[in-house]
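quick one, structure for this:
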Amino acid sequence: MHEIIFLVEDAPEGGFIARALEASIFTDAEDLNDLHRKVREAVDCHFEAADKPKMIRLHFVREQVIAA
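Here you go, the predicted structure:
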């Protein structure tokens, strides 16, 4: 696997939640620096060194509600 993609959303209680699209990895974080650290740690824990992706892509998703 060359890269792994995480969908990142705002957590209802503040901070972020992130989940990988092609692996069973989930983490949450208080701020952006914390998110980077925790995503790296989660990837390190999930993959063996030889199988670990070379790149981690964070795709931020924001929901907006507008009146009709």
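
which residue lies nearest the spatial centre of this structure?
With distances taken as C-alpha atoms, centre = their mean, A18 lies nearest the centre of the chain, 3.4 Å away.

parallel or antiparallel, which strands does the one helix or strand that one maps to pair with?
Per DSSP states H and E, A18 falls inside strand 16-20. In the sheet, strand 16-20 lines up against strand 3-10 (antiparallel), strand 26-29 (antiparallel) (DSSP bridges).

could you find the closest non-adjacent residue to E3?
Distances taken as C-beta to C-beta, 6 or more residues apart in numbering place M55 nearest to E3, at 4.0 Å, with adjacent residues excluded. For the C-beta atoms, the positions are set from N, CA and C on the backbone; glycine is no exception.

any idea how far the one you found is from Q64?
Counting by C-beta to C-beta, to the nearest Å, the separation of M55 from Q64 is 29 Å.

who's more crowded, those two?
M55 (9 against 4; other C-beta atoms under 10 Å).

what sits against that one?
M55 is in contact with H2, E3, I4, counting by C-beta atoms under 8 Å, 6 or more residues apart in numbering.

and for V43?
By C-beta under 8 Å, 6+ apart, the contact list for V43 reads I4, I25, K52, P53, I56.

secondary structure element for it?
Using DSSP H and E, V43 sits within helix 32-46.

give me the buried positions along that helix.
Neighbour counts using 16 or more other C-beta atoms under 10 Å place L35, K38, V39, A42, V43 of helix 32-46 among the buried residues.

and if you look at stretch 54-68?
Within stretch 54-68, the residues scored as buried using 16+ other C-beta under 10 Å are I56.

check the offset of that stretch from the chain's centre.
Distance, stretch centre to chain centre, for stretch 54-68: 11 Å (C-alpha atoms, centre = their mean, to the nearest Å).
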